[in-house]
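J.: Fold the following, please.
(chains A and B)
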Protein chains: 2
Amino acid sequence: MPTPIDPAQLARFVAAAHSAPSVGLMQPWRFIRIADRALRQAIHAHVEEERVQTAHALGRRADDFMRLKVEGILDCAEVLVVGLMDKREPYVFGRRTMPQMDLASASCAIQNFWLAARAEGIGAGWVSLFDPQRIRELCAMPADSVPIAVLCVGHVEAFYAAPMLEEEGWDKRQPVAGVLYEDAWAAAPGG
Amino acid sequence: MPTPIDPAQLARFVAAAHSAPSVGLMQPWRFIRIADRALRQAIHAHVEEERVQTAHALGRRADDFMRLKVEGILDCAEVLVVGLMDKREPYVFGRRTMPQMDLASASCAIQNFWLAARAEGIGAGWVSLFDPQRIRELCAMPADSVPIAVLCVGHVEAFYAAPMLEEEGWDKRQPVAGVLYEDAWAAAPGG
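T.: Have a look, this model is predicted:
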């Protein structure tokens, strides 16, 4: 059994998330704490199915992928499913041409959660290996809500010195100069 | 003229953004610093068009909306256009069923930028009042890249004590209990 997280501590992380900025003050994020063990196991079983599907889709990197630790659903102290709320259509402010800004706001909230947890020595992982419809069914979510994350939260033996996927040789971090342009795409600053 | 931001300071904010976690270590974010004044003015003119369109779409709240400060493009020290990179399709890790995780990762990066700026007393605003195709044209972005933010960054006279849209009465902040469920949607913790 994993070391439990103090409920007050988890509440602080959720409060940090809920303090995130949001488009038009929409606050579109919803957090479902998974307390029921059977539900957690069902989520894990579905994520495992999608992990295998993803490995197939990756082709020649399938074996490398299958060796990576990409979720900790059964091992972590707390699992939270994060979703976009239902009835989002009336929210036009900042979303008329960019409806996906609800996801952007909810992602800011998850990043706040992540940093708040890390600041207290708690690790978090964002799992997106799932079919949204299946998670919707498992968590009795409305048809017009959207699950966006299965968060695994808990104490860790040690934090990685670099991103795990870099340490495992999955990919490299880009130099920051490679993601910064000036005035036009791919025109380097000062260039 | 706004008080300039030290380039090293702006570089720190971009570095904080670039330190964000990303799905499959994809690092899908790209930052375009708008140095050219005419380009900044063109972006502003387009955002102003979309602001008016949004007001129309809001119907009876149009006048309230038009009174809000929703951008500072001409007044701020720095404008950055943030976009999702081109050639994203091969990135299947964590995106086979959830392709929008690229936006989620880039939003985590922007939240990091926001917090890094705020920690140094610098304000930032995320403007999404634009037609992505028009911003793509203005910044010579590839057809398969996606602009997601016009960031206005700079010194501010004062920070708001509460979210500006709350202070202006646009909407209310929800109690945190309203966004936290247990095991199923809309089932309150302990309920």
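
J.: quick one, longest helix in chain A?
T.: helix A:37-58 (DSSP state H).

J.: The residue in chain A positioned nearest to chain B: what's it in contact with?
T.: Distances between chain A and chain B by Cβ to the nearest Cβ are smallest at A:Ser107, namely 3.5 Å. The C-beta positions use only the backbone N, C-alpha and C, and glycine is treated the same way. Residues in contact with A:Ser107 (Cβ atoms under 8 Å, 6 or more residues apart in numbering or on different chains) are A:148, B:103-105, B:107-108, B:111.

J.: Now it, what are its backbone angles?
T.: In terms of degrees, to the nearest 10, the main-chain angles of A:Ser107 are phi -70, psi -40.

J.: Need the per-residue pLDDT for the spatially closest residue to it that is not a sequence neighbour.
T.: Spatial nearest neighbour of A:Ser107, excluding adjacent residues (Cβ to Cβ, 6 or more residues apart in numbering or on different chains): B:Ser107 at 3.5 Å. Reported pLDDT at B:Ser107 in the predicted model: 99.

J.: list the buried ones in the longest strand seen in chain A?
T.: Secondary structure assigned by DSSP state E gives strand A:146-154 as the longest strand of chain A. By 16 or more other Cβ atoms under 10 Å in any protein chain shown, the buried positions in strand A:146-154 come out as A:146-154.

J.: List, out of these, those positioned next to chain B.
T.: A:148-149 (Cβ under 8 Å from any Cβ of the partner chain).

J.: which SS class is the most centrally placed residue in chain A?
T.: Geometric centre of chain A, nearest residue: A:Trp126, 3.1 Å, by Cα atoms, centre = their mean. Secondary structure, DSSP: H, G, I helix; E, B strand; the rest coil: A:Trp126 is strand.

J.: Specify the beta-bridge partners of it.
T.: A:Leu151 (DSSP bridges).

J.: re earlier: pLDDT added to the buried residues of strand A:146-154, as JSON lines?
T.: As requested, the buried residues of strand A:146-154 are exported to JSON lines (pLDDT from 0 to 100):
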{"residue": "A:Val146", "pLDDT": "98"}
{"residue": "A:Pro147", "pLDDT": "98"}
{"residue": "A:Ile148", "pLDDT": "98"}
{"residue": "A:Ala149", "pLDDT": "99"}
{"residue": "A:Val150", "pLDDT": "98"}
{"residue": "A:Leu151", "pLDDT": "98"}
{"residue": "A:Cys152", "pLDDT": "98"}
{"residue": "A:Val153", "pLDDT": "98"}
{"residue": "A:Gly154", "pLDDT": "98"}
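
J.: wait, isn't A:Arg173 in contact with A:Glu166?
T.: Yes. Using Cβ atoms under 8 Å, A:Arg173 is in contact with A:Glu166, at 5.7 Å.
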